[in-house]
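Peer 1: could you look at this predicted model? Sequence included:
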Amino acid sequence: TYSAANITGDIVAVWSLSGMDGYAEMTSYDDTSCVVKKIAETTTLVQGTLSCTLKRRYNNSSLFTVSKNIELINESIAESDAGIVTSLYNAGLCANPAYITKEEAALITPVDLQPGTSYSGGIFYSQRSNVKSFDGFKYFTGVTHLNPYTVYGWSNCTSMTLPTSLTEVADSNFNGMNISIRLDISHIKVIGQSCFTKVTLGDIVVNSCGHYSFQSCNIDSVTCAAAEAKNIFGECTIGTIKSLEGMEVMSGAFYGAQILDRKVPLPSTLTTWEASNSGYNPFSNYSNKRCIADFTLPESNPYFKTEEGILYSKDGKTLRCLNKDIDYLEISNVDTIARGSINGSINKLKISAKTIESNASPGSFLGTSLVFAEGVESIDYRAFGDCSNLQEITFPSTLKTIGSENFTRISVPIPEVVIPEGCTSVMNAFNYSYIDRIVFPSTLTGRFYLSAYCKEVVVHPECTITELSVTSQFLTSIPNIPPTCKTVDIRDILGIES
């Protein structure tokens, strides 16, 4: 739009456009403005002239004429992103410092954009904060792949159209982007590590992925056949998972992900379901993000099976992954609760398994009730770590050991916790938890440490512990310190002699 100001009275403006026949035309005009619209793509630079002649209305005599040269190029990549054209011009990839033509764009190769070492930022790196949009990227038809760090740290870029020739993206591309940007990557089949951080994507179909390929992204749907899926879609929001067929090894693939339709079709090709030492499995909760999922799996899979949306070992004796959003759930008819298997959001949980592995509920258990039914023998290290909301906990007579760092940080005081007879070890459990009264059995042996907000600790006089260490500013009594206890370290206790 071109304007002519202060045209009043008997003065009129007459507009004319020359030199652009077939490429541009005046679509509207009056005494104050004229709109020129591009009507066709150009193959070369087209130059024209827009003229405005001021005439007297009553006799049509001309007063003077003002002209402006107009250039039409075959694609102006530079309109609002000086960072793009500046980088291309400085690298000698375009002739004009203000724009790049379609012909110039088509000649550019992946090495032109990233000529340095694999860990350098490419030609755009110094201008990364200035890039606002790159929709002209679609004309870079010679770019079939992106070398590492070609597009990196473009946090202010809100619009980009990728060339359909692009089928492979190496490590650390589209990392540090703006979540408002939406990319079509349906033509990209191979993706490296640490790509696509905080971007919005449509329907993605990927055959090969590296670690952390998609992090904190919004994705419409996922079809992924990567044989080894490690930490691919962490903390992403995904509309639906269409297919994972082809995956064999899954490890942290969807940790902290929000799957909107909650349906996860596990592949018949799945052979390995990995949980880290800290308990994070392919669909673990992460931070405050509850990963809710209903699993299905073809019966032909020889390693696993699903029932009511829960994943088990093929023989049904080991719970592998439970991601329910439910008020009450009872886990029975299994021998083992595997590491990292309890996720989602469960308010009241009853467990009948003989063995509960370390970090069975990784991170934190947010429910209010835990009941360990008869048959449970061991609760391994940090099986249920932080339990800030826990209000009720019950142990069975069959319990033999409670590993350290279980049931910590209980914030609402529990009136009483009774460790049953037959339990021999309660190592560093209940730390930083509010418990009014805790009772330990005669079978307790070895060392015993307790750093909890307790009012009363009752130790059976016949137990054979050799070392007792209790820290609680609320403690008022410790009845029956056993004679076998050689070392007593009781700090900040009112009325108790250590």
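Peer 2: Alright, I've got the coordinates.

Peer 1: alpha carbons only for contacts and neighbour counts from here, please
Peer 2: Fine.

Peer 1: so for stretch 10-23, mean pLDDT?
Peer 2: The average pLDDT for stretch 10-23 rounds to 89.

Peer 1: swap in stretch 123-135?
Peer 2: Stretch 123-135 comes out at a mean pLDDT of 90.

Peer 1: stretch 95-108 now?
Peer 2: Stretch 95-108 comes out at a mean pLDDT of 86.

Peer 1: how far away from the center of its chain is it?
Peer 2: Offset of stretch 95-108 from its chain centre (CA atoms, centre = their mean, to the nearest Å): 36 Å.

Peer 1: who's sitting farthest from the centroid in the protein?
Peer 2: Asn59 (71.9 Å; CA atoms, centre = their mean).

Peer 1: A helix includes that residue, no?
Peer 2: No - per DSSP: H, G, I helix; E, B strand; the rest coil, Asn59 lies outside any helix segment and is coil.

Peer 1: quick one, phi psi at it?
Peer 2: phi -130, psi 0 (degrees, to the nearest 10).

Peer 1: distance of it relative to Pro483?
Peer 2: Asn59 is 123 Å from Pro483, where distance means CA to CA, to the nearest Å.

Peer 1: please apply the same query to Thr476.
Peer 2: 20 Å.

Peer 1: which of those two has more neighbours?
Peer 2: Thr476 (15 against 12; other CA atoms under 10 Å).

Peer 1: tell me the pLDDT of the more buried one.
Peer 2: For Thr476, the model assigns a pLDDT of 71.

Peer 1: and the helices in the stretch 1-150 of the chain?
Peer 2: For the stretch 1-150 of the chain, applying DSSP state H, counting those that start in this stretch gives helices covering 82-90, 102-107, 110-113.

Peer 1: tell me which of these sits most buried.
Peer 2: helix 82-90 (a mean of 21; mean count of other CA atoms under 10 Å).

Peer 1: hmm, who's touching that one?
Peer 2: Outside helix 82-90, the residues that touch it by CA atoms under 8 Å, 6 or more residues apart in numbering are 77-78, 94-100, 123-124, 127-131, 134.

Peer 1: mark which of these are buried, thanks.
Peer 2: Taking 16 or more other CA atoms under 10 Å as the criterion, what is buried in the contacts of helix 82-90 is Ile77, Ala78, Cys94, Tyr99, Ile100, Ile123, Phe124, Gln127, Arg128, Asn130, Val131, Phe134.

Peer 1: wait, what's in contact with the residue most central in space within the chain?
Peer 2: In the chain, the C-alpha nearest the mean C-alpha coordinate belongs to Glu235, at 2.1 Å (CA atoms, centre = their mean). For Glu235, the contact set (CA under 8 Å, 6+ apart) comprises Gln215, Ser216, Cys217, Phe254, Tyr255, Gly256, Ala257, Gln258, Tyr286, Lys289.

Peer 1: ok, so of the buried ones among the contacts of helix 82-90, who is nearest Lys400?
Peer 2: Arg128 (59.6 Å; CA to CA).

Peer 1: what's near enough to touch that closest one?
Peer 2: Contact partners of Arg128, counting by CA under 8 Å, 6+ apart, are Gly83, Tyr152, Gly153, Trp154, Ser155.

Peer 1: kindly report the same for Tyr149.
Peer 2: Gln114, Ser118, Tyr119, Ser120, Gly121, Gly122, Ala170, Asp171, Ser172, Asn173 are the contacts of Tyr149 under CA under 8 Å, 6+ apart.

Peer 1: again, 7 Å this time
Peer 2: Taking CA atoms under 7 Å, 6 or more residues apart in numbering, we find Tyr149 in contact with Tyr119, Ser120, Gly121, Gly122, Asp171, Ser172, Asn173.

Peer 1: got any ranges where the stretch 51-200 of the chain has weak pLDDT?
Peer 2: Along the stretch 51-200 of the chain, segments meeting pLDDT under 70 span 73-82, 117-119.

Peer 1: now the strands for it?
Peer 2: 62-72, 133-134, 145-146, 159-160, 168-169, 182-183, 190-191, 200-206 (DSSP state E, counting those that start in this stretch).

Peer 1: of those strands, which approaches Ser221 most closely?
Peer 2: strand 200-206 (4.6 Å).

Peer 1: and Gly279, its phi and psi?
Peer 2: Dihedral angles (degrees, to the nearest 10) for Gly279: phi 100, psi 0.

Peer 1: tell me the confidence at it?
Peer 2: 72.

Peer 1: I figured it hits Gly340, correct?
Peer 2: Yes - contact between Gly279 and Gly340 holds when scored by CA atoms under 7 Å: they sit 4.1 Å apart.

Peer 1: so for the two, which sits in the more crowded spot?
Peer 2: Neighbours were counted for Gly279 and for Gly340 using other CA under 10 Å; Gly340 has more, 30 against 24.

Peer 1: so which strand or helix has the more buried one?
Peer 2: Under DSSP states H and E, no helix or strand contains Gly340.
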